[in-house]
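Visitor: What follows is a predicted protein model with its sequence.
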Amino acid sequence: MKLVIQRVNSAEVAVDDKTVGAIKQGLMVLVGVSKDDDENTVDKFLAKLIKLRIFEDENHKTNLSISDVGGELLLVSQFTLLASCRDGNRPSFIYAGDPKRAEQLYEYMIIKAKESGIKVEQGRFGADMKVSLVNDGPFTIVLDERDIK
């Protein structure tokens, strides 16, 4: 699994020129599911995501989590995060999860995120999506398996 996390003032995702998910202050997260991922993987990544202290406190130090600031979460599936560009110039997607299983894990992540009490919006799995955002900072973090215990 790989997550690209952007701290945002606002973000939205549209499909066919219709907004399907929008948030105000919070995190816009691109979610890439690999072929080796399962529910346990999602649980670990989601726990890390929710606890990340990447919002500023009153002293302008990044000491607050999304829950601490009442932030919102926008989850957008993006299998291209698992691209390998090691050989040649055309990306290979051999590490990306099977689409059916990846969709199940993406939906599982959405359900579990909502259970945490955070407002969660989402993109549409497999759709041609247009994502727009106002990155706050800019502040962007990439989480992959090396970052998860």
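Guide: It's in. Residues are numbered from 1 along each chain as shown.
Visitor: what residues does stretch 22-29 touch?
Guide: When contacts are defined by C-beta atoms under 8 Å, 6 or more residues apart in numbering, stretch 22-29 is touched by residues 3-13, 49, 54, 66, 69-76, 118-119, 121, 131, 133, 136. (Glycine included, C-beta is placed from N, CA and C.)
Visitor: actually stretch 135-149, not the one I wrote
Guide: 1-9, 25, 41, 44-45, 48-49, 52, 54.
Visitor: what do you get if the cut-off is 6 Å, keeping everything else the same?
Guide: For stretch 135-149, the surrounding residues in contact (C-beta atoms under 6 Å, 6 or more residues apart in numbering) are 2, 3, 4, 5, 6, 7, 8, 9, 44, 48.
Visitor: Let me see the ranges of the helices in this structure.
Guide: 39-51, 99-115 (DSSP state H).
Visitor: Looking at the ones you listed, which is nearest to residue 18?
Guide: helix 99-115 (18.8 Å; C-beta to C-beta).
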